[in-house]
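Student: Here is a sequence together with a model predicted from it:
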Amino acid sequence: MASTNSNAKDLEYGLARGISAIERRHRKFMTRALEEKCVTGVSYSYIITIKRHPGLNQDVLASIHGVDKSRAARIVRDLEDSGYLSRELAPDNRRQYMLSLTQSGERLYEFIADKNMEWEKLMSGDIKDSSIATTVDTINKIIKNLDNPHVRLEKI
């Protein structure tokens, strides 16, 4: 029983804490890299999402990023004011706007992609590809476990 408890603590204090630390460092890296582009916070991730899903609306964007609609609207407005996004009324719903990148947004996306490649090289360092693959596989299994309909995260 002691080893099971020890494994749970390793997950809680090691894996979860480690993932959080990596995410904080990634945000800091991207914030510094994007200062000159006037892109702050997690706005860069919205650029990536819109590039991958052109024409999506703010409601879908908010859902993908797990934020409320007003936060997504503020970020979209800031990116639009900076010239990175354009909004066009959706033909099937005149209350919705379809989002797409402008030419400046496309260039920003390429810059972000380059910075993410740089980050991946920094992060992986001398770690073997097989070790990275195993780690990613393990994290995906953890996510799948948490997505199991029998796990009630709202009660935790």
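Tutor: Received it, and whenever you're ready, just let me know what you need. Numbering: from 1, shown residues only.

Student: Does the residue positioned nearest the centre of the chain lie in a helix or a strand, and which?
Tutor: Among the residues of the chain, the smallest C-alpha distance to the mean C-alpha position (Cα atoms, centre = their mean) belongs to Ser45, namely 5.2 Å. For Ser45, the enclosing helix or strand under DSSP states H and E is helix 43-52.

Student: Using CSV, write out every CA atom in that helix.
Tutor: Output of helix 43-52 as CSV, limited to C-alpha atoms (Å, rounded to 0.1, in the frame of the first residue of the first chain):
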residue,chain,number,x,y,z
SER,A,43,-2.8,35.8,-27.3
TYR,A,44,-0.2,33.9,-29.4
SER,A,45,-2.1,30.7,-28.8
TYR,A,46,-5.2,32.3,-30.4
ILE,A,47,-3.2,33.1,-33.5
ILE,A,48,-2.2,29.4,-33.7
THR,A,49,-5.8,28.2,-33.2
ILE,A,50,-7.2,30.6,-35.8
LYS,A,51,-4.5,29.6,-38.3
ARG,A,52,-5.4,26.0,-37.8
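
Student: got the contact list for the residue nearest to the centre of the chain?
Tutor: By Cβ atoms under 8 Å, 6 or more residues apart in numbering, the contact list for Ser45 reads His65. C-betas here are computed from N, CA, C, even on glycine.

Student: about what we covered before: how far does the helix holding Ser45 sit from the chain's center?
Tutor: Centroid separation between helix 43-52 and its chain, computed with Cα atoms, centre = their mean, to the nearest Å, is 8 Å.

Student: ok, then the element right after that helix?
Tutor: Past helix 43-52, the next helix or strand by DSSP H and E is helix 58-65.
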